[in-house]
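K.L.:
Attaching a predicted model along with its sequence, questions to come.
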Amino acid sequence: MATDDTELDLALEADFHESASPRPQSPEILDESASGDPVVAGEGSGLVQAGTLLGLAAPTGPESVTAEATPDATLNLESASSTGGAPTGTLLGMSPPENPPRADGLVPEGFGPVAPNQPALADGLVPEGSGPVAPSQPAPVAPKGPSMFARFIGWFTRGRALKDARAALAGEPSSVTESRQRAAIARELAKRALEPVDPLESGSGAHLAIELYAHAVYWLLTAIKPTPAPEALSRLERWESADPALIEAAAGGPLLALQLKQRLAQESFVEVSGLSVPYAKEEARKAQGFVEQLFAYVDQKQTLVDRLRFQRFYRLGVVVLLVTGMIGAAIWGVQIWQRGPNLLAGKAWRASSKRPNCPIERGICEGKKVSIFFCTNTESKPWVEYDLGGPESFSRVDITNRLDCCRGAAVPLVVEVSDDQKKWKVVTQQKEAFGWTTLKFPATTARYLRLRVTRRTALSLEKVSVYR
């Protein structure tokens, strides 16, 4: 019995070392029993394959051995660990041994830990050393911008742009504001000296204007490029510290910039006072233009605020006009719909007489251009009459008088109706002079309509309309 145990230990140890390289398994025959009969896998309840106890594939061939699953066998397996065999835990079926990598750097799938969702290669293998793959995260959703309506309101009211412009203007240092104010005072005094309301008793102020414009330039350049102690710089130092491109743009070119530099930054007041009056006025005008350009640059932020405010009010005004026009058009349309068509449109008419030298069809009467459609002689009770073509019911007459002159000639004006042109009935009248008038009366039905002045005069009108 001791000999059998020793042989089993040796077989297990050999099998452990050989199991690293798998061999093809033989058919169902595992080994022979002590009696010499072959044992088939699954038949002997007390027999296990030695490789199975090691957690490896079963060895095949003549070297195959078996072991009886008894406490003695377990002890022998445990002793194998002390002689260089597999660890005890492995023999008890706990963790499988570390599998060596293949020659191509891959590990067979199923050996060693593989992170969930790790993609396998086409042959069922995963790359060696592949770490866990983080679960896929949803793509970040970009924040939604303002809606189309909100963008339109912002563009229309200039709200955001105006807010930003005001913030930029309010963020200017107080030193910039003070420098600009000093420059503005110098500019105003220079303009008064150069263009006095009343002539100066002591002579021309052009020389003084040049000196004052030099002061304005100094403070404007200080506002554009503030320094901790602006008074510490001379006029020339302040000029040379400014941006040359800005100076040239404000002066109108490099040559003019050099001339202005000499006049406003280098020459003293004594040297300026030696200029002739006409030349001093010319130089003062140049300095004035230069100062205005610098002010335009300094006032960009304020100009932007003013422009945005103008755009806001302009657009609001346009909308108000459009809305007012739409409301007026709607009211006018409703009135037209309510009053219906003009019953005199295309109807025949005649007047009591026709004034000579008044070819109305050419728009001329007595040598003047007119808009009237008839003009009678000066006569007693002149009139104009319409034939509606048949009995019509109406309750309103709109009359446009002659507007270029003679408005009082058409009053007192009576409106008469008839069915036979013999018996006339007065339905309304206009007693006061008018340009346009609308006469309303209870609805009446008639074929003929006549407008007649009840005194001696000449009657002329521009338009007559009748509505139901």
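P.N.:
Noted; the coordinates are in hand. Residues are numbered from 1 along each chain as shown.

K.L.:
Leu413 and Val426 touch, don't they?
P.N.:
No: using Cβ atoms under 8 Å, Leu413 is not in contact with Val426, being 10.8 Å away. Just so you know, the C-beta spots here come from the backbone N, C-alpha and C atoms, and that holds for glycine as well.

K.L.:
List the residue ranges of the stretch 101-250 of the chain that fall below the pLDDT cut-off.
P.N.:
For the stretch 101-250 of the chain, the stretches with pLDDT under 70 are 101-143, 145, 230-231.

K.L.:
What segments of it are strands?
P.N.:
106-107, 126-127 (DSSP state E, counting those that start in this stretch).

K.L.:
Same check on the stretch 301-450 of the chain?
P.N.:
Under DSSP E, counting those that start in this stretch, the stretch 301-450 of the chain gives strands at 348-351, 364-365, 368-369, 374-375, 379-380, 383-401, 413-418, 425-430, 436-453.

K.L.:
Partner strands of the last one, with direction?
P.N.:
Here the strand partners of strand 436-453, with direction, are listed using DSSP bridges: strand 383-401 (antiparallel), strand 413-418 (antiparallel).

K.L.:
okay, the angle between the longest helix along the chain and strand 383-401?
P.N.:
As assigned by DSSP state H, the longest helix anywhere in the chain is helix 300-339. Orientation check (axes from the mean of the first three to the mean of the last three Cα atoms, to 10 degrees): helix 300-339 against strand 383-401 gives 160 degrees.

K.L.:
Any buried residues in helix 300-339, and which?
P.N.:
Lys301, Leu304, Val305, Leu308, Gln311, Arg312, Arg339 (16 or more other Cβ atoms under 10 Å).

K.L.:
and the last one, what does it touch?
P.N.:
Residues in contact with Arg339, defined by Cβ atoms under 8 Å, 6 or more residues apart in numbering, are Arg396, Tyr467, Arg468.

K.L.:
Let's see that with 10 Å instead.
P.N.:
Phe394, Ser395, Arg396, Asp398, Thr438, Ser465, Val466, Tyr467, Arg468 (Cβ atoms under 10 Å, 6 or more residues apart in numbering).

K.L.:
do the same with the fourth one
P.N.:
When contacts are counted by Cβ under 10 Å, 6+ apart, Leu308 touches Thr157, Arg158, Gly159, Ala161, Leu162, Lys163, Asp164, Ala165, Arg166.

K.L.:
returning to that earlier point: greatest separation within the contacts of Arg339: which pair is it?
P.N.:
Pairwise distances across the contacts of Arg339 peak at 13.9 Å for Thr438 and Arg468 (criterion: Cβ to Cβ).

K.L.:
Identify the contacts common to these two.
P.N.:
Arg339, Arg396.

K.L.:
returning to that earlier point: now the buried members of the contacts of Arg339.
P.N.:
Phe394, Ser395, Arg396, Asp398, Ser465, Val466, Tyr467.

K.L.:
could those be laid out in CSV, adding pLDDT and distance to Val334?
P.N.:
Formatted as CSV, the buried ones among the contacts of Arg339 follow (pLDDT from 0 to 100; distance: Cβ to Cβ, whole Å):
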residue, pLDDT, distance to Val334
Phe394, 93, 19
Ser395, 92, 18
Arg396, 92, 15
Asp398, 93, 17
Ser465, 92, 17
Val466, 93, 19
Tyr467, 92, 14
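
K.L.:
Out of these, which comes closest to Leu236?
P.N.:
Nearest member of the buried ones among the contacts of Arg339 to Leu236, counting by Cβ to Cβ, is Asp398, at 79.8 Å.

K.L.:
For that closest one, which non-adjacent residue is closest in space?
P.N.:
Ser465 (4.3 Å; Cβ to Cβ, 6 or more residues apart in numbering).

K.L.:
Over to that neighbour. Which of the three states is it?
P.N.:
Under the three-state scheme (DSSP: H, G, I helix; E, B strand; the rest coil), Ser465 adopts strand.

K.L.:
Mark which of the contacts of Leu308 are part of helices, please.
P.N.:
Thr157, Gly159, Ala161, Leu162, Lys163, Asp164, Ala165, Arg166.

K.L.:
Quick one: mean pLDDT over stretch 269-282.
P.N.:
The average pLDDT for stretch 269-282 rounds to 92.

K.L.:
Grab the CA positions of that stretch and hand them over as PDB.
P.N.:
Output of stretch 269-282 as PDB, limited to C-alpha atoms (Å, rounded to 0.1, in the frame of the first residue of the first chain):
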ATOM      1  CA  PHE A 269       3.500 129.300 -26.100                       C
ATOM      2  CA  VAL A 270       6.000 132.100 -26.800                       C
ATOM      3  CA  GLU A 271       7.000 130.400 -30.100                       C
ATOM      4  CA  VAL A 272       3.300 130.100 -31.100                       C
ATOM      5  CA  SER A 273       2.600 133.700 -30.300                       C
ATOM      6  CA  GLY A 274       5.100 134.800 -32.900                       C
ATOM      7  CA  LEU A 275       2.900 133.400 -35.800                       C
ATOM      8  CA  SER A 276       1.000 135.800 -38.000                       C
ATOM      9  CA  VAL A 277      -2.700 136.000 -37.300                       C
ATOM     10  CA  PRO A 278      -3.800 134.400 -40.600                       C
ATOM     11  CA  TYR A 279      -1.300 131.600 -40.200                       C
ATOM     12  CA  ALA A 280      -2.200 131.100 -36.600                       C
ATOM     13  CA  LYS A 281      -5.900 130.700 -37.500                       C
ATOM     14  CA  GLU A 282      -5.000 128.100 -40.100                       C
END
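
K.L.:
Thanks a lot, see you next time.
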